[in-house]
Structures are given as structure tokens and as C-alpha cells.
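Novice: The sequence and its predicted three-dimensional model are supplied below.
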Amino acid sequence: MVNDQPGFGEMLRRVGLGAGLAIGMGVGVALGVAMNNMGVGIAVGVGVGAAVMVVFLTAGSRADRDAAQRAAERGLGPDPDADSSTDLDTGTEADPDQPSA
């Protein structure tokens, strides 16, 4: 393998999952204690954690897309606007009418 280190976008997505879980549970427990109702606090905390995860996942995807676009502009990688109907694992054409596995 040429590059075993994950890119910046992959790192953001991985950090986002852990950070969302930790922040959500922390906020949930704190709200549960403050409201004297742990169930409601944790439910609200799960929502907050999910929102944090979505923010990190979106930022990671955007960073990967921007990196691919910069690489394409330098001529180092595939064009991000190219037709992506080729199956990357086998190199064969994917049938657009069939659901992906």
C-alpha cells in the first residue's frame, strides 16, 4: 500500500463519531441530573450527540471532496466530476437499475 495513513476527511469522520458519543452522553447526564429525570436528559443528549456526529461527518466528506478536487486540478488523481458508473472493486460497469450491495 502506498499510503496507509487516513486522510484529513477520514480522520474528521472517525473523531466525529467518538466526539458525538462523548459530548451527547455528557450533555445527557448533565441535563438528566439538572432536570431530575435521567431518561429525558439522556434522550436529549443522544440528539445533541447525533447533531455533533452529523457536523463532523459532513465536514469530513467535504474535506475529502475538496482534496480530490485539488488533486484533480494538479493532475494527480481522478476527476471528481467524471462518470462514476464503474464498479471500483471489479472494474466492471455497474447496472444502474440494480440496488448496490
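Specialist: Noted; the coordinates are in hand.

Novice: Next up, the contacts around G16.
Specialist: V52, M53, V55, F56, L57, A59, G60 (CB atoms under 8 Å, 6 or more residues apart in numbering). Quick note: C-beta positions are derived from backbone N, CA and C, even for glycine.

Novice: Quick check: phi and psi at A51.
Specialist: Dihedral pair for A51: phi -60, psi -40, per degrees, to the nearest 10.

Novice: give me every residue that touches the nearest residue to it once chain neighbours are set aside.
Specialist: Leaving aside its sequence neighbours, A51 sits nearest to G20 (CB to CB, 6 or more residues apart in numbering; 7.8 Å). Contact partners of G20, counting by CB under 8 Å, 6+ apart, are G49, A50, A51, V52, M53, F56.

Novice: rerun that using 6 Å as the cut-off
Specialist: Contacts here follow CB atoms under 6 Å, 6 or more residues apart in numbering; on that basis G20 touches G49, V52, M53.

Novice: again, but for A43
Specialist: A43 neighbours (CB under 6 Å, 6+ apart): none.

Novice: The helix or strand harbouring G9: which residues count as buried?
Specialist: Using DSSP states H and E, G9 sits within helix 8-35. Under the neighbour-count criterion of 16 or more other CB atoms under 10 Å, helix 8-35 has 9, 12-13, 16, 19-21, 23-24, 27-28, 31-32 buried.

Novice: Just name the closest of the residues you listed to M38, please.
Specialist: Distance to M38 across the buried residues of helix 8-35 (CB to CB) is lowest for G32, with 3.7 Å.

Novice: Distance of that closest one relative to Q69?
Specialist: Look at G32 and Q69: by CB to CB, to the nearest Å, they are 44 Å apart.

Novice: next one: V54
Specialist: From V54 to Q69 the distance is 22 Å (CB to CB).

Novice: try V29
Specialist: Here the criterion is CB to CB. By it, V29 lies 41 Å from Q69.
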